[in-house]
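>>> show me how the following folds:
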Amino acid sequence: MPAMTPAELMKFLDEHFPQAGHRGLTIEHLDDTTIRVRFSAHARHLRPGGTISGPTLMWLVDLSFYLLLMGRLGPVAQAVTTNLNINFMRKPEPADLLGEGRLMKLGRALAVGDFTIWSEGRTEPVAHATLTYSIPPRSKREVK
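Sure thing, here's the model as predicted:
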């Protein structure tokens, strides 16, 4: 059972990480090892050519995996990305993005997972990423 619900995660972002730019992001599913999100892209997320920009896709991957990790561990504000490798596979249409992440390994100091993104209405993914997060020692995990 997750340590935080989707509503608690979004409230945490609002209170402790408002600069995350998470407006338009909804968590559709969350359990101990998976997350599914939807992001309603805006014109500011487009690059020349009318596709959703690479930095927007990387942001979605990173923030969503952060939420998955906090959903599992509780409010770990100091968890940080140590590696994010992304493959851009197709042009993302200017439509909602759907993302699914999976926690593949959770250790004391590191979490490893992957994340796939689709444009709504498409069956082929637009991007796939692998991530590693550093988890702070237990004494530094609590949000103050």
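>>> quick one: distance of the lowest-mean-pLDDT helix or strand in the chain to the chain centre.
For the chain, using mean pLDDT, DSSP states H and E, the weakest element among its helices and strands is strand 46-47, scoring a mean of 74. Strand 46-47 sits 20 Å away from the centroid of its parent chain (Cα atoms, centre = their mean, to the nearest Å).
>>> same thing with stretch 14-30?
With Cα atoms, centre = their mean, you get 9 Å for stretch 14-30.
>>> okay, how far is it across that stretch, tip to tip?
Using Cα to Cα, to the nearest Å, one end of stretch 14-30 lies 18 Å from the other.
>>> mean confidence for it?
Here stretch 14-30 scores 83 as its mean pLDDT.
>>> ok so, going back, what strands line up against the least confident helix or strand of the chain, and which way round?
Paired with strand 46-47 in the same sheet, following DSSP bridges, are strand 51-52 (antiparallel).
>>> got the contact list for the partner strand?
Strand 51-52 has contacts (Cβ atoms under 8 Å, 6 or more residues apart in numbering) with A41, H45, L46, K91, P92, E93, P94, L97, S119, V126. All C-beta spots, glycine's among them, are computed from the backbone N, C-alpha and C.
>>> try 7 Å
Strand 51-52 has contacts (Cβ atoms under 7 Å, 6 or more residues apart in numbering) with A41, H45, L46, K91, P92, P94, L97.
>>> lovely, talk soon.
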